[in-house]
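Asker: I would like to see how this sequence folds:
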Amino acid sequence: AQLPPLGKALREARIGGKDAAALSEAAVRFIFEDVTLEACDAGARGALARVAGDDRARQERCLVSLSGAMVDACRNAESEDEVASYLEGEHALGEEVARAVAGVAGASRARILEALQRVAGGACLPQLRAAEWRLDVNVGQNDSSKSVREPIFHINLATSAEPKDPSAAARQGEETYFVCNMEEMQDLVSTLKDACLSLKRNEKAYS
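Answerer: Prediction:
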């Protein structure tokens, strides 16, 4: 059976502050050390068993969900109280559990943010910095000599990436320019909407 959303799963297992702290410590290790379930301490293993039973896949899913919630909270909140409030509001954790998780997350927040920055900057993938567009209408005539108006979109995407060599220039940027008609623009917009919906579904699945 699929593991319920994180907040619901913890409530159903009657996880309190002490168990939540043990799970959070294991989640932090899971983020940075990719530890196995066997490497978790007894408190975390006991809490995982209560939440997910003996199913290893469900136990790992629980740790992934919790570590994702902690990373998300550290990225979007600063103080421990703000992290706790964020976990309550965005990930539906109970107050006691949210405060316990926030305490562990707060102690590792600087390390988590540093890792996020390193991943974002070290992946060497271009990041979108600006998007500009212009609409032109070409006016012509068809075979029956009737006036035809054809919209043409001009799209310019500015991207940049951190250089692999630290001694190189701060940023390497480039621009991508292309044109498309109305049908192609509609296809592009539809594809981007599908990508955004997929991201939201993924966030819900791991929260």
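
Asker: Around Arg99, how many other residues sit close by?
Answerer: Using other C-beta atoms under 10 Å, Arg99 has 20 neighbouring residues. C-beta: built from backbone N, CA, C; applies to glycine.

Asker: ditto for Asn138
Answerer: Neighbourhood size, Asn138 [other C-beta under 10 Å]: 10.

Asker: Please compute how far the helix or strand containing it lies from its chain's middle.
Answerer: Secondary-structure element containing Asn138, defined by DSSP states H and E: strand 127-141. Distance of strand 127-141 from the chain centroid (C-alpha atoms, centre = their mean, to the nearest Å) equals 30 Å.

Asker: List the buried residues in the helix or strand just after it.
Answerer: Note on strand 127-141: by DSSP H and E, the next helix or strand toward the C-terminus is strand 147-161. Using 16 or more other C-beta atoms under 10 Å as the test for burial, strand 147-161 gives Phe153, Leu157, Ala158, Thr159, Ser160, Ala161.

Asker: Just list whatever residues bridge to the third one.
Answerer: It refers to Ala158. Listed by DSSP bridges, the beta-bridge partners for Ala158 are Ala130, Glu175.

Asker: residues in contact with it?
Answerer: With contacts defined as C-beta atoms under 8 Å, 6 or more residues apart in numbering, Ala158 is in contact with Leu128, Arg129, Ala130, Ala131, Glu132, Gly173, Glu174, Glu175.

Asker: I'd like the buried residues of strand 147-161 laid out as JSON lines, including distance to Asn138.
Answerer: Putting these into JSON lines (distance: C-beta to C-beta, whole Å) gives the following:
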{"residue": "Phe153", "distance to Asn138": "12"}
{"residue": "Leu157", "distance to Asn138": "22"}
{"residue": "Ala158", "distance to Asn138": "26"}
{"residue": "Thr159", "distance to Asn138": "28"}
{"residue": "Ser160", "distance to Asn138": "32"}
{"residue": "Ala161", "distance to Asn138": "35"}
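
Asker: Give me the residue ranges of this structure where confidence is low.
Answerer: Within the chain, the ranges that satisfy pLDDT under 70 run 1-3, 34-35, 119-125, 141-148, 161-172, 200-207.

Asker: ok, which stretches of it are helices?
Answerer: With DSSP state H as the definition, the chain shows helices at residue ranges 6-12, 17-33, 42-52, 56-76, 80-91, 95-122, 182-205.

Asker: Switch those over to TSV; also include distance to Val139.
Answerer: TSV is the format used below for the helices of the chain (distance: least, C-beta to C-beta, whole Å):
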stretch	distance to Val139
helix 6-12	57
helix 17-33	58
helix 42-52	64
helix 56-76	49
helix 80-91	51
helix 95-122	45
helix 182-205	15
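
Asker: Would you mind saying which of the ones you listed lies nearest Gly140?
Answerer: Closest approach to Gly140 among the helices of the chain is made by helix 182-205 (15.1 Å; C-beta to C-beta).
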